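Asks: Got a predicted structure plus its sequence, pasted below:
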Amino acid sequence: MPAPEGTEIQEPPTAGAWGEWNPTEDSVRPVRGKHRVAKQRGGLARSSTVLGVGVIAAVGAGGIATAQDRPQVAISMPSLPDMPELPELLGGDASDAKARNADGGGAAAARTGIIPQQADRSADAGEVLRNRILQQAESQQDAAEAQIRAEAERAAQAAAAQEAKDKLEAARKEAEAAAAKAEEKAAQEAKAAEEAAKAKAEQERIAKLAGSYSLPTSAYTLTSHYGQAGSMWSSGHHTGLDFAAPTGTPAKAVGAGKITSAGWSGAYGYRIVLELEDGTEIWYCHLSSMSVTSGSVGAGDTIGRVGATGNVTGPHLHLEVRKGGSTMDPLAWLNSKGLNV
């Protein structure tokens with residue numbers, strides 16, 4: 001950039017070490033010529049003093065950029081007046097501007113080189129700049145508030161969607177629980193109906209069998225039960241069911257069948273063996289007499305009389321139930337045939 005008119009730049013010697021530049025009265029020469037006002041650019045008039053400052057800044061910037069490649073340069077500049085503060089330079093508000101114009105506008109112009117018209121334009125430019133800054137701040141504030149509102153709306157929508165999802169899930173679980181409960185209730189009812197049907201069928205079967213089976217004797221008292229332990233029995237436990245009754249009480253066939261054995265049988269005394277149609281054997285022991293010793297008989301037919309023969313302590317009917325050579329509980333078997341003993 002060429003130096004303004006009236007300003008001189010003194011070239012320093014090229015040799016020597018780089019040192020700090022400190023202008024003195026000897027190194028700074030007085031400005032020659034008249035003070036001129038340069039052509040206005042962008043609304044401001046630049047004086048030779050202002051241009052001198054620009055030259056210094058440019059030279060300084062160039063020196064910093066190429067400090068390692070260029071030789072040392074000594075710069076001299078005239079003494080500059082005190083610069084006004086930024087609010088005074090921009091003109092401040094309208095009242096301050098009028099006061100300055102009334103009180104000392106000419107003095108300020110003399111100090112800064114800015115004519116009153118330029119100061120007014122600077123004040124207007126500062127006001128415009130301030131308004132633009134405020135408008136930008138308001139715009140940014142509005143944008144931030146809009147973003148906050150949008151985020152709040154998105155959060156509310158997400159919360160509503162989550163709440164709807166939770167309600168749907170709760171309804172689904174409730175429906176599944178209700179379906180499971182209903183299914184369990186239906187299963188229980190079906191099971192109860194099935195059990196009732198089985199019980200009814202069993203009752204019908206027992207009632208039907210009751211006409212086909214008969215108690216082995218009457219006017220009796222049960223004394224010794226099946227499986228009862230004691231030294232009175234050779235096996236160590238009782239293998240039948242004892243019906244205590246007076247001697248001569250009729251002993252009856254419990255079901256239809258045939259007599260396969262009748263006679264004396266040691267500790268059993270007089271014994272009759274009745275084989276039923278399904279192969280079950282009924283033993284009548286300790287009889288005082290035998291009415292039927294062979295052939296077929298029907299349920300309720302008298303086949304002998306209660307006595308006290310064999311190994312006994314008193315008159316009674318010892319009844320055994322055998323199937324496949326093994327004994328079973330006569331009481332349970334009679335109950336299964338619909339007979340209440």
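Replies: Good, I have the coordinates.
Asks: Tell me who's in contact with Thr247.
Replies: By CB atoms under 8 Å, 6 or more residues apart in numbering, Thr247 lies in contact with Ser288, Arg305, Val306, Gly307, Ala308, Pro315. C-beta coordinates here come from the backbone N, C-alpha and C atoms, glycine included.
Asks: In CSV, list those along with secondary structure.
Replies: Formatted as CSV, these follow (DSSP: H, G, I helix; E, B strand; the rest coil):
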residue, secondary structure
Ser288, strand
Arg305, strand
Val306, strand
Gly307, strand
Ala308, coil
Pro315, coil
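Asks: And the furthest pair within those residues?
Replies: Across the contacts of Thr247, no pair lies farther apart than Arg305 and Ala308, at 11.0 Å, counting by CB to CB.
Asks: Could you look up the SS state of Gly279?
Replies: What three-state DSSP gives for Gly279 is coil.
Asks: Quick check, Thr280 in contact with Gly324.
Replies: No. Assessed by CB atoms under 8 Å, Thr280 is found out of contact with Gly324, at 9.2 Å.
Asks: Run through the stretch 201-341 of the chain and note the low-pLDDT ranges.
Replies: In the prediction, the stretch 201-341 of the chain carries residues with pLDDT under 70 at positions 206-211, 230-236.
Asks: quick one: the strands in the stretch 151-300 of the chain?
Replies: Ranges of strands within the stretch 151-300 of the chain are 221-222, 241-244, 250-252, 257-264, 270-276, 281-290, 295-297, based on DSSP state E, counting those that start in this stretch.
Asks: wait, which of these is closest to Ser214?
Replies: With CB to CB as the measure, strand 250-252 is the member of these nearest Ser214 (5.5 Å).
Asks: elements contacting the closest one?
Replies: strand 302-306 (3 or more CB pairs under 8 Å, 6 or more residues apart in numbering; DSSP states H and E).
Asks: Now do the next helix or strand after the strand it packs on and strand 270-276, the angle between them.
Replies: Once strand 302-306 ends, the next helix or strand along the chain (criterion: DSSP states H and E) is strand 316-323. Here strand 316-323 runs at an angle of 40 degrees relative to strand 270-276 (axes from the mean of the first three to the mean of the last three CA atoms, to 10 degrees).
Asks: before we move on, back to that, Thr280 and Gly324: who's more crowded?
Replies: Thr280 (17 against 8; other CB atoms under 10 Å).
Asks: Could you give the backbone dihedrals for that one?
Replies: phi -70, psi 140 (degrees, to the nearest 10).
Asks: Could you check how many residues crowd around Thr221?
Replies: 9.
Asks: typo on my end, it should be Val341
Replies: Val341: 15 neighbours (other CB under 10 Å).
Asks: which residues of the stretch 51-200 of the chain score low on pLDDT?
Replies: Low-confidence segments of the stretch 51-200 of the chain (pLDDT under 70): 51-120, 122.
Asks: residue boundaries of the helices in it?
Replies: Secondary structure of the stretch 51-200 of the chain (DSSP state H, counting those that start in this stretch): helices at 86-90, 94-103, 105-112, 116-210.
Asks: Cool, thanks, signing off.
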